[in-house]
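Chemist: Okay, structure incoming, though there's no sequence with it:
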């Protein structure tokens, strides 16, 4: 007989109590020590306000790397700690001569225009999944690629990349996996095309997300910080810079997957069932989605910023009651909070002079420009492989842009932001590297070794293109100084 106290509560799921195992407790202890060190150790040429920011930054690094607490919780900690320590409402009093930012500037990170752009993308992605728009588009767009394995693989990658340009790459991966798994099930168990079809989805989703500002959080973080520095980049300008790079890397990834997993089948059965939803709600969604993308792509013509356009579908879909309260609960708010934490950290880093002090620790002027570019991309790629690419972008972009703005190196802020943001998106070698990788791994069709082989090769190729090929091309075309 079961004790009633052990039975689950009727009518609602019991919440699992948070677990703080030894690893998490050690990580929290290390974060606490990291926070305390700048309060007891004096660093040359770092202002008192900079010491306070250093404590917040050091603790954030530990918490983001170890994930002792959720990533969005670390972002909330950053905002609150900066308000209490370095804003005009600091509880400990402000150092003499320090011009503290208003506390509302830190809270304002949660309503930054870049977050509104991302919010619009999340709403469109969520409604597209509900009405099956992503799966039906994939079904229709796959047909022209024929039945040859290499062509089908290319079709899966192209469609995934296109969808991930305007939707969450996680949502795109989930939708495309639902389309591809029935195809995979029809292949022989020993056909290695099974692996390449599943691997193609996270690789293409990660690469496609590079191409637009709404494709992945690191892009939004870079654009937000660039905007704060007075460098405005439109939706189309970002695409002009990033889309050709993404297309070349997508072709490289297609070649790599075919070489690693050569297909055995002579053709692929593309019998994918399904029809477009023709309900009134679906029709409104289709029109809203198309209009939003069209307005993003024509920003240079009408002049309405992409951040304002991105909020339009939120209003339209809410006003028509297509997007309701329950839908709102399902949005990835934690991602928005994570981006906001990074933007707030950038504000504090610039206001306290911490970026200038950190940059001054190394004689960057003695380093060749190529070494600087390779260092930025390599560090972003390495860190993003083992921790969240959003967390990596939050840590590296404020420092990288501070270095570019210092004038001690030959780096343009726009180029620096591009390199770090895109470098973060090149990390796809482990299941934990990106959510699309985790989704693909969860299918059971690919192993960690499969992800490592393809991820390392594609990431290395992307880093080479980003460091050696892209900057000279952008410079020759007058796109980036």
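Modeler: Here it is on my side, so go on. The model shown is predicted, which means the values in this text are computed figures rather than measured ones.
Chemist: count of neighbours near residue 261?
Modeler: 24 (other C-beta atoms under 10 Å). Every residue, glycine included, has its C-beta placed from N, CA and C.
Chemist: Please tell me I have it right and it contacts residue 195.
Modeler: Yes. With contact defined as C-beta atoms under 8 Å, residue 261 reaches residue 195; the gap is 4.6 Å.
Chemist: for stretch 286-296, which positions count as buried?
Modeler: For stretch 286-296, a neighbour-count test (16 or more other C-beta atoms under 10 Å) marks 286, 288, 289, 292, 293, 295, 296 as buried.
Chemist: do the same with stretch 383-390
Modeler: Buried residues in stretch 383-390, counted by 16+ other C-beta under 10 Å: 383, 384, 385, 387, 388, 389, 390.
Chemist: Which residue, other than its chain neighbours, is closest to the first one?
Modeler: Using C-beta to C-beta, 6 or more residues apart in numbering and skipping the chain neighbours, the partner closest in space to residue 383 is residue 392 (4.3 Å).
Chemist: distance of that neighbour from residue 65?
Modeler: 9 Å (C-beta to C-beta, to the nearest Å).
Chemist: And the two? Which one has more around it.
Modeler: Using other C-beta under 10 Å as the criterion, residue 392 and residue 65 rank with residue 392 on top: 28 against 18.
Chemist: any idea which helix or strand comes after the strand or helix carrying that one?
Modeler: Counting by DSSP states H and E, the element that carries residue 392 is helix 389-406. Remark: after helix 389-406, the chain's next helix or strand is helix 413-425, criterion DSSP H and E.
Chemist: Quick one: mean pLDDT for stretch 113-127?
Modeler: The average pLDDT for stretch 113-127 rounds to 84.
Chemist: ugh, wrong one, I meant stretch 457-475
Modeler: 94.
Chemist: got the contact list for it?
Modeler: 203, 207, 241, 245, 248-249, 252-253, 256, 260, 370, 373-374, 377-378, 381, 385, 415, 419, 422-423, 426-429, 480-481 (C-beta atoms under 8 Å, 6 or more residues apart in numbering).
Chemist: tell me which residues in it are buried?
Modeler: Using 16+ other C-beta under 10 Å as the test for burial, stretch 457-475 gives 457, 458, 459, 461, 462, 463, 465, 466, 467, 470, 471, 474.
Chemist: How about stretch 222-230?
Modeler: Under the neighbour-count criterion of 16+ other C-beta under 10 Å, stretch 222-230 has 222, 223, 224, 225, 226, 227, 228, 229 buried.
Chemist: Closest one to residue 340 out of these, please.
Modeler: residue 224 (9.0 Å; C-beta to C-beta).
Chemist: about what we covered before: what's the helix holding residue 392 packed up against?
Modeler: helix 48-66, helix 71-86, helix 217-228, helix 333-352, helix 354-359, helix 369-386, helix 413-425 (3 or more C-beta pairs under 8 Å, 6 or more residues apart in numbering; DSSP states H and E).
Chemist: Quick check: next helix or strand after the last one?
Modeler: Once the chain leaves helix 413-425, the next helix or strand it forms, by DSSP H and E, is helix 435-441.
Chemist: for that following helix, what is the average pLDDT?
Modeler: Helix 435-441 shows a mean pLDDT of 80.
Chemist: Which helix or strand lies directly C-terminal to that helix?
Modeler: Following helix 435-441 toward the C-terminus (DSSP H and E): helix 448-464.
Chemist: Now do that next one against helix 413-425, angle only.
Modeler: 170 degrees (axes from the mean of the first three to the mean of the last three C-alpha atoms, to 10 degrees).
Chemist: Run the angle between helix 448-464 and helix 369-386 for me.
Modeler: For helix 448-464 against helix 369-386, the angle between stretch directions is 160 degrees (the same axes, to 10 degrees).
Chemist: Next secondary structure after helix 448-464?
Modeler: Toward the C-terminus from helix 448-464 - assigned by DSSP H and E - lies helix 470-476.
Chemist: Not counting sequence-adjacent ones, nearest residue to residue 147?
Modeler: Closest to residue 147 by C-beta to C-beta, 6+ apart is residue 267, at 4.0 Å.
Chemist: again, but for residue 394
Modeler: Residue nearest to residue 394 in three dimensions, not counting chain neighbours: residue 342, with 3.0 Å by C-beta to C-beta, 6+ apart.
Chemist: sorry, back to before: I'd like the mean pLDDT over the helix holding residue 392, please.
Modeler: The model assigns helix 389-406 a mean pLDDT of 84.
Chemist: List the buried residues for it?
Modeler: Within helix 389-406, the residues scored as buried using 16+ other C-beta under 10 Å are 389-405.
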